[in-house]
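[1] Make a model of this:
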Amino acid sequence: MSTSLTEPTIIGGEMAILDRTGHSRQIWDPRNPDEVEAARATFNKLKGKGYIAYKVKPDGSEGEIMTTFDPQAEKMIMAPPVVGG
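    Prediction:
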C-alpha cells in the first residue's frame, strides 16, 4: 500500500501539562472520539483549577491562549496558575 503525497496527514494532538514535578503529557488522535473526550476532560479539569492553556503553532512561533479545547490543535501547553509569595 502506498501513500500519495497529496493526501493530508492527520497528526495527533499533544497536551504538555506542567506542574511542580516537571511535566506530563496526554496525546490523542483527533479521529478517535474516546481519546478526544479524555483529552477534553483533562483540559476542562485543569482549566477549572486555574491552569492557562496555550496552543503552540506548528512552526514553533508564538502561540495563543486557549479558552476552549480544540481537538485539532497539534500541541498545547497547560501551565499552572502563578502563586504569589
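
[2] Name the nearest residue to Q72, ignoring sequence neighbours.
    P30 (5.7 Å; Cβ to Cβ, 6 or more residues apart in numbering). Bear in mind the C-beta positions are built from the backbone N, C-alpha and C, glycine included.

[3] same deal with E35?
    E35 sits nearest to W28 (Cβ to Cβ, 6+ apart), 3.8 Å away.

[4] Wait, the one you found touches F43, no?
    No - with contacts counted by Cβ atoms under 8 Å, W28 stays clear of F43, the gap being 10.3 Å.

[5] residues shared between the contacts of those two?
    With contacts defined as Cβ atoms under 8 Å, 6 or more residues apart in numbering, the residues shared by W28 and F43 are M15.

[6] residue boundaries of the helices in the protein?
    Along the chain, the segments classed as helices by DSSP state H run 33-48.

[7] Pretty sure I65 sits against V56.
    No - here I65 lies out of contact with V56, judged by Cβ under 8 Å, at a distance of 11.4 Å.
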